[in-house]
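>>> quick one: sequence and predicted model below, then my questions.
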Amino acid sequence: EVQLVESGGGLVQAGGSLRLSCAASGFTFDDYTIGWFRQAPGKEREGVSCISISDGSTYYADSAKGRFTISSDNAKNTVYLQMNSLKPEDTGVYYCAADLTCLSTIYDYWGQGTQVTVSS
């Protein structure tokens, strides 16, 4: 059974940091890319960052560049999203998802999400 389990969300003040984790199981981790997405209340889901497990290449949305860092621990089948200098507009439910390419428009597998709230 494929599982993606996010953790690490919480409440933080603006300017603070959080590290999200996405633990994957049930598929060949090295064959996939893992993306982070977020959805704020009343807004559409948007892509934040993505990493190719096989070659380590990374992608970031403009809103994440310079503040967020995506990384993977292949031994643990886990992807991390280090978020620094958080802003209130970063608030939302953060999801990780897996697919064969970061350019996919429809990801195969999704986690349940973790809430991130940034207070001003």
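That came through fine.
>>> show me what contacts Ser104?
Thr33 (CB atoms under 8 Å, 6 or more residues apart in numbering). The way it works is simple: take the backbone N, C-alpha and C, and place the C-beta from them, glycine included.
>>> next, it: secondary structure please.
coil (DSSP: H, G, I helix; E, B strand; the rest coil).
>>> same question, Asp55
Criterion first, three-state DSSP; result for Asp55: coil.
>>> neighbours of Ser85, how many?
12 (other CB atoms under 10 Å).
>>> ok, now Arg67?
15.
>>> same deal with the one 10 residues further on?
Applying other CB under 10 Å, we find 19 residues neighbouring Asn77.
>>> and the pLDDT at it?
The per-residue pLDDT reported for Asn77 equals 97.
>>> surely it is in contact with Phe29?
Yes - here Asn77 reaches Phe29: they are 4.5 Å apart, a contact under CB atoms under 8 Å.
>>> is Tyr59 in a bridge, and if so with what?
Cys50 (DSSP bridges).
>>> ok, it - contacts?
Counted by CB under 8 Å, 6+ apart, Tyr59 has contacts Ser49, Cys50, Ile51, Cys102.
>>> again, only this time at 10 Å
Thr33, Gly35, Gly47, Val48, Ser49, Cys50, Ile51, Ser52, Lys65, Ile70, Cys102, Leu103 (CB atoms under 10 Å, 6 or more residues apart in numbering).
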